[in-house]
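1. Here is my input, please return the structure:
(one chain, ligands or ions: 2)
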Amino acid sequence: MKLIYSTDEILADGPYARLNFFDGRRLHGGFDANGTYISPRTHERWPAIRAWRDKLLAEGGELIDASTQVLRVPHYPSPAQMKLLLQHDVTLPLWNSLSIIGLIEGRGRMLTTVTAPDFQSMIDGDISGTATAHLNKGLLRSHGLDEGGDGTHRIGAHDAMWFLVRDLALGEHLHPIPEMAAREVRPGSDLREMPALLPEAEGLIKLLMNVLMVEIRAERGFAFHLALFRDKELFTGRRDRAELAAMIVSQIRQDEAPHVAYLQLLISEMRHFQFRTPGGRIQGRAIIDPIWTKVSAWHANQVPSIQRDAARELVKECLAHRKDGTSLMEAFDRLDSDRQRTVN
Ligand SMILES: [Fe+2]
Ligand SMILES: [Fe+2]
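-> Residues are numbered from 1 along each chain as shown. Ligands and ions are numbered 1, 2, ... in the order given. Alright, predicted model coming up:
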């Protein structure tokens, strides 16, 4: 089983029968001879992630499960609520959320510039055949390129793809590009929470824990957008374009799977390692688990609650000046799949 890969191998594309072009614009990834979409930079990256995962499990390690808790929180607004808005020509909430997803994806480009500390120097045993040892050998770089491209706009990555999705579904320049709200930061996350580790190791692990949670929550968004774009009663004047938007969302969804897989594996490996610290050897799970519990709870509960209040506030503003605004707002709230959380 091959466990050690070069940076070039982790970043390797294709082989593609044809590249991914949309309306004359090059997007990342490509297609095989059957027309099946192949995500960018996954030719060796996927087999590598699977090999490292098998190795961890063979050594008695276990994979963390973050999905169950997080995916209990429904998407807000629900597809039925957004459908109601769209059927009454209230398009700003969908426009804004698609724009902001694109802007957040663009920010993901920063992963191409992140350098992980030398974990081998802190850990007992040889870690060369692990995801951890490949962070600086293409894993972080390929992730950042998937999200935000290389900055040249030559090949469209997720940021460009979400903007394209938005414009296909709603039309170009329908509304202005919204300002991004300040990022929600977990209280206490700027303090030392893993004192056994060097600050740069703690910082990198917490950064990637947060990215993992954002990736897992994004899965809710894929299901939400696919349900909307494939609804035959919506985007009625532009059904063909809405179907194309759904196709691009499916491609993005496929690209995200290796991100979740390597980050889940990374945190799992960290739990399995024996760390050498000034106070002696410590099992990784003693360092990781208390913080992972806090990070996942923050993203599972507080973040959706903050975002939900902001989303509902925007809907209220959109409806405030309409004659039918009050009744529409009541109908919108009645369709809330998680009504007990609604705050007036
Ligand atoms: Fe992405
Ligand atoms: Fe991602």
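2. what distance separates the start and the end of stretch 19-38?
-> Terminal residues of stretch 19-38 are spaced 9 Å apart (CA to CA, to the nearest Å).
3. So what's the model's average confidence on it?
-> Mean pLDDT, computed over stretch 19-38, is 97.
4. Next one: it, is it in contact with ligand 2?
-> No: applying CB under 5 Å from the ion, one finds stretch 19-38 separated from ligand 2 by no less than 12.4 Å. The way it works is simple: take the backbone N, C-alpha and C, and place the C-beta from them, glycine included.
5. Buried residues of stretch 142-158, list them for me.
-> Within stretch 142-158, the residues that count as buried by 16 or more other CB atoms under 10 Å are 142-149, 155-158.
6. Make CSV from these and add distance to Arg220, secondary structure and pLDDT to it.
-> Output for those, formatted as CSV (distance: CB to CB, whole Å; DSSP: H, G, I helix; E, B strand; the rest coil; pLDDT from 0 to 100):
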residue, distance to Arg220, secondary structure, pLDDT
Ser142, 24, helix, 98
His143, 20, helix, 98
Gly144, 23, helix, 98
Leu145, 24, helix, 98
Asp146, 19, helix, 98
Glu147, 18, helix, 98
Gly148, 21, helix, 97
Gly149, 24, coil, 97
Ile155, 27, coil, 97
Gly156, 24, strand, 97
Ala157, 21, coil, 98
His158, 16, helix, 98
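7. Burial check on the residue of the stretch 201-344 of the chain found nearest ligand 1, number of neighbours?
-> Minimum separation of the stretch 201-344 of the chain from ligand 1 (CB to the ion) falls at Glu256, amounting to 5.5 Å. Residues near Glu256, counting by other CB atoms under 10 Å, number 21.
8. can you list the weak-confidence ranges in the stretch 151-300 of the chain?
-> Applying pLDDT under 70 to the stretch 151-300 of the chain flags no residue at all.
9. tell me the contacts of Asp124?
-> Contact partners of Asp124, counting by CB atoms under 8 Å, 6 or more residues apart in numbering, are 273-276, 281.
10. Run through the buried residues of stretch 142-158 and flag the ones next to ligand 1.
-> The subset of the buried residues of stretch 142-158 lying close to ligand 1, counting by CB under 5 Å from the ion, consists of 147, 158.
11. Among the buried residues of stretch 142-158, pick out the one closest to ligand 1, please.
-> Checking those against ligand 1 with CB to the ion, the nearest one is His158 at 3.7 Å.
12. Do I have it right that the closest one meets Gln251?
-> No: His158 lies out of contact with Gln251 (CB atoms under 8 Å); the separation is 9.4 Å.
13. just to revisit the earlier point, I'd guess the residue of the stretch 201-344 of the chain closest to ligand 1 is in a helix, am I close?
-> Yes: assignment of Glu256 by DSSP: H, G, I helix; E, B strand; the rest coil places it within a helix.
14. can I assume it is in contact with Ala218?
-> Yes: because the distance of 6.1 Å satisfies CB under 8 Å, Glu256 is recorded as touching Ala218.
15. Nearest residue to Ser78 in space, please, no chain neighbours.
-> Closest residue in space to Ser78, ignoring its immediate chain neighbours: Ser337 at 4.6 Å, by CB to CB, 6 or more residues apart in numbering.
16. quick one: the one you found and Pro74 touch, right?
-> Yes: with contacts counted by CB under 8 Å, Ser337 reaches Pro74, the gap being 4.9 Å.
17. neighbour-wise, which of those two wins?
-> Between Ser337 and Pro74, counting by other CB under 10 Å, Pro74 is the more crowded of the two (16 against 13).
18. His173 and ligand 2, how far apart?
-> Taking CB to the ion, to the nearest Å as the measure, His173 falls 27 Å from ligand 2.
19. and that residue, how many neighbours does it have?
-> Other residues within reach of His173 by the criterion other CB under 10 Å amount to 8.
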